[in-house]
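S.K.: kindly generate the corresponding structure for this input.
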Amino acid sequence: MKSRFLAYSCAVKGVDAVAADSDRSFPKHTHDQFGLGYIVRGAQQSASGVGSVEAQAGNVISVNPGEVHDGSPIGGGGRAWRMVYLDPHLVWAAGLDVSEHLQGQIEFQRPVIGDPRLLGKTAALFDAVTSPHTFDVAMPMEELLLSILPHMAEVTVPKVKGRLNITRALQRINDDPASSLSLEDLAHLTGGSRFQVLRAFTMTTGLSPHAYLMQKRLQLSRRLMRAGRPLAEVALEAGFADQSHMSRLFLRTFGFTP
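M.R.: Numbering: from 1, shown residues only. Next up, the predicted model:
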């Protein structure tokens with residue numbers, strides 16, 4: 001069996017991704033980034049910071065910067081996996097957001113996790129950072145990382161005291177849905193953290209900030225279409241990467257193309 005590795009670059013600085021399918025055994029080594037991914041098929045055994053672990057298809061896997069690990073397939077046919085690699089400052093910043101601790105650096109505590117919901121979020125994170133559409137990658141990536149992190153590391157998640165007043169964040173999106181926004185931008189508007197914004201936004205609207213932003217862009221695009229604007233112009237003016245990006249989201253949301 002030949003090993004197949006496909007490396008992706010991401011529009012967000014400090015983020016990389018790899019899709020691999022191999023029966024190769026890897027010697028002990030380390031990475032200078034956090035690794036977060038999942039097994040697609042097959043199984044493997046590996047060393048980790050908590051000892052030897054086994055991961056099979058459907059398991060989420062992780063590794064910390066500097067953590068010595070290896071990897072060998074279990075059984076014949078090798079195994080396939082997907083990994084997202086994140087520079088430490090991105091994970092540490094997200095961890096501080098989630099925990100609201102003023103100091104300390106978090107680490108992933110669970111090298112293998114069998115949790116279907118966490119698998120879905122991790123797969124969505126990989127899809128987000130490897131999307132060929134580099135426009136607006138930051139917000140969905142931040143949302144997913146902030147929702148994944150409490151399950152991966154020993155982070156104390158604060159209780160939400162009431163609802164963060166996100167009126168200014170909602171108004172910012174409503175006024176100009178075509179503009180490029182990040183969770184950090186919305187956090188500055190509300191005076192809260194990115195994690196607080198994500199929680200409060202979902203509690204208030206039933207949608208994540210990015211999903212809400214996409215809905216507002218679709219609504220804007222429909223108004224522009226009714227005015228007779230060409231679809232290519234509509235897509236750009238409504239804030240989409242291009243016409244195909246708009247059309248796919250349009251079909252997924254409404255069941256028909258523009």
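
S.K.: state the pLDDT value of residue 152.
M.R.: Looking at residue 152, its pLDDT reads 81.

S.K.: give me phi/psi at it?
M.R.: Per-residue torsions, residue 152: phi -100, psi -30 (degrees, to the nearest 10).

S.K.: next: residue 245.
M.R.: phi -60, psi -50.

S.K.: I'd guessed it sits against residue 235; true?
M.R.: Yes. Look at residue 245 against residue 235 with CB atoms under 8 Å: they come within range, at 6.8 Å. For glycine as for every other residue, the C-beta is placed from the backbone atoms N, C-alpha and C.

S.K.: and the two? which has more neighbours close in?
M.R.: residue 235 (23 against 17; other CB atoms under 10 Å).

S.K.: who does whichever strand or helix holds that one touch, helix- and strand-wise?
M.R.: For residue 235, the host element (DSSP states H and E) is helix 231-237. Applying 3 or more CB pairs under 8 Å, 6 or more residues apart in numbering; DSSP states H and E, one finds that helix 231-237 contacts helix 209-226, helix 243-254.

S.K.: how about those helices, which one is nearest residue 6?
M.R.: helix 243-254 (21.9 Å; CB to CB).

S.K.: so which elements touch that closest one?
M.R.: Against helix 243-254 (3+ CB pairs under 8 Å, 6+ apart) you get helix 209-226, helix 231-237.

S.K.: coming back round to it: may I see the buried residues of the helix holding residue 235?
M.R.: 231, 234-235 (16 or more other CB atoms under 10 Å).

S.K.: show me the contact partners of that helix.
M.R.: Contacts to helix 231-237, defined as CB atoms under 8 Å, 6 or more residues apart in numbering, come from residues 178, 220-221, 224-225, 229, 241-243, 245-247, 258.

S.K.: do the same with stretch 75-85
M.R.: Contacts for stretch 75-85 (CB under 8 Å, 6+ apart): 1, 3, 15-24, 31, 33-44, 57, 61, 73, 122-123, 125-126, 129.

S.K.: and the helices in the stretch 1-150 of the chain?
M.R.: Secondary structure of the stretch 1-150 of the chain (DSSP state H, counting those that start in this stretch): helices at 88-99, 116-130, 138-152.

S.K.: pLDDT on the first one, on average?
M.R.: In this model, helix 88-99 has a mean pLDDT of 82.

S.K.: kindly export stretch 10-26 (C-alpha atoms) in CSV.
M.R.: The C-alpha coordinates for stretch 10-26 follow below in CSV (Å, rounded to 0.1, in the frame of the first residue of the first chain):
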residue,chain,number,x,y,z
CYS,A,10,-5.3,27.8,5.5
ALA,A,11,-6.1,31.5,5.1
VAL,A,12,-5.7,31.9,8.9
LYS,A,13,-2.1,32.3,9.8
GLY,A,14,-0.7,29.6,12.1
VAL,A,15,-3.2,26.9,10.9
ASP,A,16,-2.3,23.9,8.7
ALA,A,17,-4.1,20.6,7.9
VAL,A,18,-3.2,17.1,6.6
ALA,A,19,-5.3,14.3,5.1
ALA,A,20,-3.4,11.0,5.2
ASP,A,21,-3.9,7.3,4.3
SER,A,22,-1.0,5.1,5.2
ASP,A,23,0.1,1.7,6.5
ARG,A,24,3.4,3.2,7.6
SER,A,25,4.7,3.1,11.2
PHE,A,26,6.1,6.4,12.5
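
S.K.: surely residue 7 touches residue 17?
M.R.: Yes. Counting by CB under 8 Å, residue 7 touches residue 17, with 7.4 Å between them.

S.K.: neighbour-wise, which of these two wins?
M.R.: residue 17 (22 against 11).

S.K.: so for the more buried one, what's the nearest residue that isn't a sequence neighbour?
M.R.: residue 8 (4.2 Å; CB to CB, 6 or more residues apart in numbering).

S.K.: now do the contacts for that neighbour.
M.R.: Residue 8 touches 16-19, 129-130, counting by CB under 8 Å, 6+ apart.
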